[in-house]
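1. I need the structure of the sequence given here:
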Amino acid sequence: MKQIFNIKKFSQDVRLKIYGSVYKEQRHIGLREFSSEIGISAATLSRIMREKQPDVETFFKLCKWLKSPMSRYINS
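-> Numbering: from 1, shown residues only. Next up is the predicted model:
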């Protein structure tokens, strides 16, 4: 059965924004601060970074934070 939601791409984008950009270096913040900024718990952010599927509300919040359309993570 084909997966509808591309959790690998989603998790990768989240990790890249946190660790792979100057965003974190410029702001000198950790996961707790990122999660607070997004409006989710640090535990939830950590789970998503480990490729665990988020609930719909968390998915919406993270897409907004990533500035990515939700369709980017939906397989056609």
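2. okay, the most centrally placed residue in the chain: pLDDT?
-> When C-alpha atoms, centre = their mean is applied to the chain, the residue found nearest the centroid is residue 14 (3.6 Å). Among the per-residue scores, residue 14 shows a pLDDT of 94.
3. likewise for the one 3 residues further on?
-> In this prediction, residue 17 carries a pLDDT score of 88.
4. which helices and strands sit right next to the strand or helix carrying the residue nearest to the centre of the chain?
-> Using DSSP states H and E, the secondary-structure element containing residue 14 is helix 7-19. Using 3 or more C-beta pairs under 8 Å, 6 or more residues apart in numbering; DSSP states H and E as the contact test, the elements touching helix 7-19 are helix 42-49, helix 56-66. Where you see a C-beta, it was placed from the backbone N, CA and C, and this is true even at glycine.
5. quick one: closest of those helices to residue 4.
-> Set against residue 4 and scored by C-beta to C-beta, the helices and strands packed on helix 7-19 come closest in helix 56-66, at 12.2 Å.
6. tell me the buried residues in that closest one?
-> Buried positions in helix 56-66, judged by neighbour count with 16 or more other C-beta atoms under 10 Å: 58-59, 61-63, 66.
7. ok, now stretch 33-40?
-> In terms of neighbour count (16+ other C-beta under 10 Å), stretch 33-40 has its buried residues at 34-35, 38, 40.
8. and which of the residues you listed is nearest residue 70?
-> When the buried residues of stretch 33-40 are compared against residue 70 (criterion: C-beta to C-beta), the nearest one is residue 38, at 15.2 Å.
9. wait, what's in contact with the closest residue to the closest one other than its chain neighbours?
-> The spatial neighbour of residue 38 that comes closest, neighbours along the chain excluded (C-beta to C-beta, 6 or more residues apart in numbering), is residue 65 at 4.8 Å. Contacts were defined as C-beta atoms under 8 Å, 6 or more residues apart in numbering; by that measure residue 65 touches 17, 37-38.
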